[in-house]
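Visitor: Next comes the sequence, and after it the predicted model I'd like to discuss.
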Amino acid sequence: MIEGLQKVFESRVRLGLMSILMVNDQMDFNSLKETLKVTDGNLASHLLALEKKDMIEVHKEFVGRKPKTSYSATKLGKQLFKNHLTALEKLINSN
Amino acid sequence: MEKEKAQKDSIDQLNQIKAMMEESSKFISLSGLSGVMAGITALAGAAYGYFVIKSNLDDSLYDGFYFSLNSITVSVFWQLLIAAAITLIVAVSFGFLFTLQKAKKKGQSMWGKTSQRLLINLMIPLIAGGVFSLALVYHGLFGLIAPVTLIFYGLSLLNASKYTLRDIRNLGILEIVLGLVASFYIGYGILFWAIGFGILHIIYGGLMYFKYDRA
């Protein structure tokens, strides 16, 4: 096991989630769902997993009367993602 | 063996990361065909404008730096304005239609965060250029309208290119250069318009079509 490789990113959805939140300051639930093409339940469980690890933050607000939930990457989440990228790079370049 | 598999998995992961980053931050459903159709429409519009001017003004009036509003009759001015408006509406409609088609195929939302960002960043320099062009009309400086519209259109594309396919950036730079050249050749506005809005759109639309859409 190479150092820095994050087990949490073994899931395609969680890897995709963090990729999106690296380049977008904030993104709401429906946009995430649309981009990742997953079901509500599936997305919610992966979001919860990342939230529990303090890698993402939840923002709740009201747009008119509708509640809107957005997500953003935390400092820790960004750092872990970068570590993961570095580890992948090492893995590819090693021979 | 195991190492090779791990390396292959890593490359797959990186590709996936790249795809997600692009798809979530850029509107990649812009259709090449819409560029081609916009170009053809612009050429038709330019040809019509040329015909209107040729048949209503003698050449000496068309080639000066300074136009007083009197040298173009009000009816000719309106004919040109209406032709320009129709050209714009037809070109934008085709663009919208082809892009909608491509967005559907790609499963990207036509009215999502990425397309909104693209439009807003496109519209800011574009509206500035439009208002500035109106000021030129107001002051009777018709000769500068073609260069100004090309330059501002180029700046709009350059600004919007961060939020869509990268090719748009180069198209924007070409439009700016063309506009700057045009500013030294006052009187050839329709020719530069035909190149900038017609030919460049057809070339870039075609390139993008073959690069992204055909697969």
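Guide: Good, I have the coordinates.
Visitor: what about the residue nearest the centre of chain A, which helix or strand?
Guide: By C-alpha atoms, centre = their mean, chain A has its centre lying nearest to residue A:18, at 2.7 Å. In the assignment (DSSP states H and E), residue A:18 maps to helix A:12-23.
Visitor: I'd like to know which elements that helix is packed against.
Guide: helix A:29-36, helix A:40-52, strand A:56-63, strand A:66-73, helix A:75-93, helix B:2-25 (3 or more C-beta pairs under 8 Å, 6 or more residues apart in numbering or on different chains; DSSP states H and E). All C-beta spots, glycine's among them, are computed from the backbone N, C-alpha and C.
Visitor: one more time with 10 Å
Guide: strand A:27-28, helix A:29-36, helix A:40-52, strand A:56-63, strand A:66-73, helix A:75-93, helix B:2-25 (3 or more C-beta pairs under 10 Å, 6 or more residues apart in numbering or on different chains; DSSP states H and E).
Visitor: Quick check: longest helix in chain B by residues?
Guide: helix B:74-106 (DSSP state H).
Visitor: Are there helices or strands packed against the helix or strand following it, and which ones?
Guide: Using DSSP H and E, the helix or strand that follows helix B:74-106 in sequence is helix B:113-138. If you count contacts as 3+ C-beta pairs under 10 Å, 6+ apart, helix B:113-138 packs onto helix A:29-36, helix B:2-25, helix B:74-106, helix B:145-160, helix B:167-182.
Visitor: Around chain B, pick out the residues from chain A.
Guide: A:2, A:5, A:9-10, A:12, A:15-24, A:26-28, A:30-32, A:34-37, A:81, A:84-85, A:87-95 (C-beta under 10 Å from any C-beta of the partner chain).
Visitor: now do 7 Å
Guide: Counting by C-beta under 7 Å from any C-beta of the partner chain, chain A comes close to chain B at A:12, A:15-16, A:19-20, A:22-24, A:27, A:31, A:34-35, A:37, A:88, A:91-92.
Visitor: re the thing from before, quick one, which of the helices and strands packed on helix B:113-138 is packed in tightest?
Guide: With neighbours taken as mean count of other C-beta atoms under 10 Å in any protein chain shown, the helices and strands packed on helix B:113-138 reach their highest mean count in helix B:145-160, at a mean of 22.
Visitor: tell me what that helix is packed against?
Guide: Where contact means 3 or more C-beta pairs under 7 Å, 6 or more residues apart in numbering or on different chains; DSSP states H and E, helix B:145-160 is packed against helix B:113-138, helix B:167-182, helix B:189-193.
Visitor: now the helix holding residue A:18 and strand A:66-73, what's the angle there?
Guide: Helix A:12-23 runs at 90 degrees relative to strand A:66-73, counting by axes from the mean of the first three to the mean of the last three C-alpha atoms, to 10 degrees.
Visitor: quick one: average confidence on helix A:12-23?
Guide: What helix A:12-23 shows for mean pLDDT is 93.
Visitor: where are the low-confidence patches of chain A?
Guide: Residue ranges of chain A with pLDDT under 70: A:1-2, A:95.
Visitor: how near is residue A:36 to residue B:156?
Guide: Per C-beta to C-beta, to the nearest Å, residue A:36 is found 31 Å from residue B:156.
Visitor: brain fart, residue B:53
Guide: Counting by C-beta to C-beta, the gap from residue B:53 to residue B:156 is 26 Å.
Visitor: what's the answer for residue A:8, then?
Guide: Taken as C-beta to C-beta, the span from residue A:8 to residue B:156 is 41 Å.
Visitor: now residue B:102
Guide: 21 Å.
Visitor: Residue 3: what's its closest spatial neighbour, skipping adjacent residues?
Guide: Defaulting to chain A. Once flanking residues are discounted, residue A:3 sits nearest to residue A:87: 6.8 Å by C-beta to C-beta, 6 or more residues apart in numbering or on different chains.
Visitor: oops, I was thinking of chain B
Guide: Per C-beta to C-beta, 6+ apart, closest to residue B:3 is residue A:94, 7.7 Å.
Visitor: what does chain B put close to chain A?
Guide: So chain B meets chain A at B:6-7, B:10-11, B:13-14, B:16-17, B:20-21, B:23-25, B:107, B:109, B:112-113 (C-beta under 7 Å from any C-beta).
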